[in-house]
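1. Take this sequence and fold it.
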Amino acid sequence: MKFKEINPSPRTLMTPGPVEADPRVLRAMGAHILGQFDPEFTALMNETMEMERYVFQTQNKMTYLVDTTSRGGLETVLTGAICPGDKVLIPAFGRFGYLLAEILERCGADITLLEREWGTVFEPEEIEEALKKDSYKAVAFIHGETSTSMMQPLKEIGEICEKYGALLIVDAVATLGGAEVHVDDWKLSACISGTQKCISAPSGSALITYNEQIEEIVKKRKKVEKGIRTADDVNGSLAGIPSNYLDLAQLEDYWSPRRLNHHTEATSMQYAVHEALRCIMDETLEARWARHSLNDKALCAGLNAMGLSIFGDIEHKMPVVTAINIPEGVDGKVIRGTLLNEFGIEIATSFGPLDGKILRIGNMGYSSQKRNILILLGALEAVMLQNHVKIATGEGVAAAMEVYKNAEK
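-> Model (predicted):
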């Protein structure tokens with residue numbers, strides 16, 4: 001039997017993830033494999049931790065990678081910090097709030113869901129009211145809800161959680177590296193992200209950080225597996241962490257000077273994340289946030305000028321995802337299919353109550369480029385016209401170009 005060499009078609013990925021990996025990241029992945037305890041490699045691990053602290057805007061000692069996707073990173077932190085029976089408040093305003101509940105229910109947490117209409121965000125007063133009514137070990141929140149394109153302000157909520165003694169665990173999978181995230185300033189107890197969105201590397205690593213409060217919980221749940229434990233490894237007083245692979249206690253030791261032989265590090269992904277973080281540092285976070293914001297402004301100006309309506313509470317729209325209402329009488333699958341097949345551009349649909357009602361456009365990481373925004377707007381205009389949607393011909397690209405022109409002044 002013969003099989004084809006891998007040779008993917010060129011694509012412009014304008015989805016909410018995955019997005020295009022920076023070419024420098026892909027080149028780094030082709031480097032020679034090193035042993036996981038080779039001093040050269042452990043030095044790279046230490047550098048990765050230091051660069052992560054910059055990107056998360058934190059001084060947390062426990063800031064490192066987990067060899068899993070972003071969902072695995074969420075599960076690692078949630079199941080390590082939350083014990084069976086712990087009460088957790090989950091304010092859900094889209095698909096991924098329900099994912100947090102799904103993960104925590106499976107490990108025996110006592111979940112309270114606070115639900116909001118998709119396309120809106122929570123007011124700080126709503127969270128405070130819930131925390132007044134009952135005592136919670138933690139609040140688990142989505143920062144950027146890609147299913148709706150909404151971004152939840154967190155600074156006041158961090159202060160409220162601190163006031164009521166609740167941990168604040170945040171999913172920043174979609175926002176880290178593209179929108180402002182300030183772990184320490186916002187008083188986040190833990191924050192989790194992934195590599196396939198604004199970090200601009202392939203999917204396969206999760207970036208995590210957590211404070212001393214969670215570190216203490218993890219220490220009390222520690223149980224090193226029998227085959228590698230020493231006389232100094234004493235079981236903690238709390239219920240053990242249910243997963244061996246996603247065990248925060250053993251992962252801490254793996255990333256520490258002890259270098260506990262927990263698993264074999266994904267060498268090429270470590271190279272990828274190291275280079276992706278180095279690219280962010282070279283650009284600087286401030287410049288990166290500004291780039292995403294400018295491209296978002298140009299995209300929205302183009303969509304509005306074209307006559308397409310943007311979904312949701314515009315004041316709280318993410319700068320890295322834009323959702324548009326599908327015009328009446330048009331099949332969203334046809335729009336997406338034509339963009340992909342005729343222009344090589346991929347955008348996304350949504351889920352649940354928004355399935356078939358909106359289209360989502362990503363503006364993330366390496367894909368967040370002036371060139372991509374202009375090409376997408378031009379292609380989207382052509383596809384809408386082909387599907388007999390009444391739009392202002394020629395206005396979309398012109399409006400976006402005007403935004404870029406004004407930014408250069």
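
2. switch to C-alpha atoms for all contacts and neighbour counts from now on
-> OK.

3. can you tell me which residues contact residue 325?
-> 308, 309, 310, 311, 357, 358, 359 (CA atoms under 8 Å, 6 or more residues apart in numbering).

4. To what extent is residue 403 buried, counted in neighbours?
-> 17 (other CA atoms under 10 Å).

5. That one is in what secondary structure piece?
-> helix 395-408 (DSSP states H and E).

6. now the strands for the stretch 301-409 of the chain?
-> 321-325, 345-346, 358-362 (DSSP state E, counting those that start in this stretch).

7. Take those strands and write them to CSV, including mean pLDDT.
-> CSV is the format used below for the strands of the stretch 301-409 of the chain (pLDDT from 0 to 100):
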stretch, mean pLDDT
strand 321-325, 98
strand 345-346, 98
strand 358-362, 98
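
8. what's the closest of those strands to residue 277?
-> strand 358-362 (20.1 Å; CA to CA).

9. can you give me the offset of that closest one from its chain's centre?
-> From the chain centre to the centre of strand 358-362 is a distance of 16 Å (CA atoms, centre = their mean, to the nearest Å).

10. pull the CA atoms of it into CSV?
-> The C-alpha trace of strand 358-362 is given here as CSV (Å, rounded to 0.1, in the frame of the first residue of the first chain):
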residue,chain,number,x,y,z
ILE,A,358,-23.8,33.4,13.8
LEU,A,359,-20.4,33.0,12.1
ARG,A,360,-17.3,33.6,14.1
ILE,A,361,-14.1,35.2,12.8
GLY,A,362,-10.8,34.8,14.6
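
11. Which strands or helices does it pack on?
-> Judged by 3 or more CA pairs under 8 Å, 6 or more residues apart in numbering; DSSP states H and E, strand 358-362 is in contact with strand 321-325.

12. by how many degrees do the strand it packs on and strand 358-362 diverge?
-> Direction vectors for strand 321-325 and strand 358-362, defined by axes from the mean of the first three to the mean of the last three CA atoms, to 10 degrees, enclose an angle of 160 degrees.

13. Just the endpoints, please. Distance across stretch 117-130?
-> End-to-end distance of stretch 117-130 (CA to CA, to the nearest Å): 17 Å.

14. tell me the helices in the stretch 151-300 of the chain, going along the chain?
-> 155-163, 212-220, 248-255, 267-283, 285-306 (DSSP state H, counting those that start in this stretch).

15. And those: which comes nearest residue 69?
-> helix 267-283 (11.1 Å).

16. what is the mean pLDDT for that closest one?
-> The pLDDT scores in helix 267-283 average 98.

17. so how far is residue 104 from the residue nearest in space to the middle of the chain?
-> Nearest residue to the geometric centre of the chain (CA atoms, centre = their mean): residue 173, 1.2 Å. Shown here: residue 173 relative to residue 104, a distance of 18 Å by CA to CA.

18. same thing with residue 12?
-> Separation of residue 12 from residue 104 (CA to CA) stands at 36 Å.

19. quick one: which of these two has more around it?
-> residue 104 (25 against 17).

20. so the more buried one makes contact with residue 78?
-> Yes. Because the distance of 6.9 Å satisfies CA atoms under 8 Å, residue 104 is recorded as touching residue 78.

21. Out of the helices of the stretch 151-300 of the chain, which is closest to residue 146?
-> Per CA to CA, nearest to residue 146 of the helices of the stretch 151-300 of the chain: helix 285-306, 14.6 Å.

22. Summarise which helices and strands the closest one is packed against.
-> Checking 3+ CA pairs under 8 Å, 6+ apart, helix 285-306 ends up next to helix 370-386, helix 395-408.

23. that older thread, tell me which of the strands of the stretch 301-409 of the chain is the most buried.
-> strand 358-362 (a mean of 26; mean count of other CA atoms under 10 Å).

24. Touching that strand from outside, list them.
-> 13-17, 19, 149, 311, 320-326, 332, 347-350.

25. same thing with stretch 278-287?
-> 51, 55, 177, 199, 288.

26. what are the ranges of the helices in the stretch 1-150 of the chain?
-> Under DSSP H, counting those that start in this stretch, the stretch 1-150 of the chain gives helices at 23-28, 39-56, 70-81, 95-106, 124-133.

27. among those, which is the most enclosed?
-> Comparing the helices of the stretch 1-150 of the chain by mean count of other CA under 10 Å gives helix 70-81 as most buried, with a mean of 24.

28. how many other residues sit next to residue 94?
-> 27.

29. hang on, the earlier thing: and of the helices of the stretch 1-150 of the chain, who's closest to residue 192?
-> Nearest to residue 192, of the helices of the stretch 1-150 of the chain and by CA to CA, is helix 70-81 at 6.2 Å.

30. next one: that closest one to chain centre, how far?
-> 13 Å.
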